[in-house]
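Novice: the sequence isn't on hand, but the structure is:
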């Protein structure tokens, strides 16, 4: 298990706390410059935080209170750098061999096994410059695993490869990580990548941990509006909680919505709420549905974009000062309902799909 | 053909190169890796021989090697000989005036190594010394070779400083370039031409070897 607590104000502000179990993949997500890579460097011992602790299993790698700071060589980390940082003058086999424990008797067998693990058999004698981006990434991964690390650190490992290769590597890493029994920390600014590969997400912004939880929790139930913005929640709106007919309800301009989960909130509290675009229910224009009764909202379609079978409809709600909402629909639904720009539509904001957050 | 002068020249060039390999590498590594106060001044002092007239540099070195000076007196007490107008003095002066030719290419080569490569080596468990010998040194090799060739050629052809420091003592401080000068003054044009052609051939061969070596590396990496 890896436990990390880091605090500093300069040169890069850090206020981070998280833990990662063995066999778990934790993604540090956040925009560029949020301090994600600095956190990774602090775990590896390449950067030194002013305050904090890095504990791995029963070993203390860094503790500012007791002035313990082990070198990267003493920490046994496997690190895949953003640009892979392969040794350009050495062959694939020699890149891996250098990271192997010198006491390992049959290095050839171990190198073959590692290359097989990352689907790169047969390229042992190539130099890094003779490999594609995806192959280089696999070598970097094999080299990181060669040291039998206690923690595997991946710093934006997919940023230097094309989209097609990236998808292939996602699947490979997903398979590989199931066989790894160490904590894996993945740094990425791509939320889809994080949600696909990680067991838990840790959102970092301006060097501070905003939320740590499962991908579902973080992406669909962000703790506050700051997390919601970081995880690219598309419909973030501001409302107020009021009691109507003895029940706590959400007031948004002229609308009053019933909400399933409002634990911990109080009357007259200003809140943010998020609506998942996929969970806004369109009322069929020819055959009204039962959902019409649940938080109905009317709007005018302002724009529509279709990408890979999903149509995103942007509509303005006139009773909410023209606020724009986004709704995702299967392409055939959008076509069947003739959702054209300028048309009036009615939707339901399902009470289960409204996620209320503190400001 | 003055073979004695040829021998002195080759000996001086080889010894200067061998001395500048560790000295130049240590200085280049220090200047690239650390960011201490006064780094700019040290870099300027090392580069000074590039811009200073050889006679001016030779004059200061001569004064510095005088038996009354610190360096000169230490040398006299250790060996019983004068540093100025000796082969040892010439060797010392060669190290000083060839220093920028060694340090500059080595610095450029070390600067070109991305910091992540070094860090990847540390994360792979390599100590700083092992990282230097297994990663940094092989990657900086073209710069080191260039530095050595420049030092060798420069030492072989230097005239002004050699004349100021070493004078013209046959078998001791009389180098090939001084011998060529003497031959011309004595109207021995044939001898001057032979020696000049030898220096030209050596320069051409060494530079060609460096270019082809670096090109092979570029193709491979």
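Specialist: Perfect, I can see it now. Please read these numbers as outputs of a predicted model, since none were measured by experiment.
Novice: state the number of residues packed around residue B:172.
Specialist: Applying other CB atoms under 10 Å in any protein chain shown, we find 16 residues neighbouring residue B:172. Heads up, the C-betas are built off the backbone N, CA and C, glycines and all.
Novice: same question, residue A:175
Specialist: Residue A:175 has 11 nearby residues by other CB under 10 Å.
Novice: tell me the first helix or strand C-terminal of whichever strand or helix holds it.
Specialist: Using DSSP states H and E, residue A:175 maps to helix A:163-178. Next helix or strand after helix A:163-178 toward the C-terminus (DSSP H and E): strand A:184-188.
Novice: can you spell out which helices and strands pack onto the helix or strand following that next one?
Specialist: For strand A:184-188, the following helix or strand on the C-terminal side (DSSP H and E) is helix A:191-197. Applying 3 or more CB pairs under 8 Å, 6 or more residues apart in numbering or on different chains; DSSP states H and E, we find helix A:191-197 packed against strand A:25-29, helix A:163-178, strand A:184-188, helix A:215-220.
Novice: so which of the ones you listed gets nearest chain B?
Specialist: Among the helices and strands packed on helix A:191-197, the nearest to chain B by CB to the nearest CB is strand A:184-188 (13.2 Å).
Novice: give me the contact list for that closest one.
Specialist: Strand A:184-188 has contacts (CB atoms under 8 Å, 6 or more residues apart in numbering or on different chains) with A:2, A:20, A:24-29, A:36-37, A:39-40, A:43, A:151-158, A:177, A:193-194, A:197-198.
Novice: how far out from the middle of the chain is that strand?
Specialist: Mean C-alpha position of strand A:184-188 versus that of the full chain (CA atoms, centre = their mean, to the nearest Å) differs by 9 Å.
Novice: one step back: okay, the helices and strands packed on helix A:191-197 in CSV with mean pLDDT next?
Specialist: CSV is the format used below for the helices and strands packed on helix A:191-197 (pLDDT from 0 to 100):
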stretch, mean pLDDT
strand A:25-29, 94
helix A:163-178, 85
strand A:184-188, 94
helix A:215-220, 88
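Novice: okay if I get those as CSV plus distance to residue A:275?
Specialist: Formatted as CSV, the helices and strands packed on helix A:191-197 follow (distance: least, CB to CB, whole Å):
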stretch, distance to residue A:275
strand A:25-29, 21
helix A:163-178, 28
strand A:184-188, 25
helix A:215-220, 11
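Novice: what's the closest of those to residue B:77?
Specialist: strand A:184-188 (62.3 Å; CB to CB).
Novice: would you double-check that residue A:250 falls in a helix?
Specialist: No: under DSSP: H, G, I helix; E, B strand; the rest coil, residue A:250 sits outside any helix and is assigned strand.
Novice: which elements pack onto the helix or strand harbouring residue B:73?
Specialist: Assessed by DSSP H and E, residue B:73 sits inside helix B:70-79. For helix B:70-79, the packing partners by 3+ CB pairs under 8 Å, 6+ apart come out as helix B:54-65.
Novice: and the angle for the helix it packs on with helix B:70-79?
Specialist: Between the axes of helix B:54-65 and helix B:70-79, defined by axes from the mean of the first three to the mean of the last three CA atoms, to 10 degrees, the angle is 60 degrees.
Novice: list the buried residues in helix B:54-65.
Specialist: Residues B:54, B:57-59, B:61-62, B:64-65 are the ones in helix B:54-65 that count as buried (16 or more other CB atoms under 10 Å in any protein chain shown).
Novice: ok, what's across the strand from residue A:63?
Specialist: Counting by DSSP bridges, residue A:63 forms beta bridges with residue A:53, residue A:68.
Novice: so what's it up against?
Specialist: Neighbour list for residue A:63: A:52-54, A:69 [criterion: CB under 8 Å, 6+ apart].
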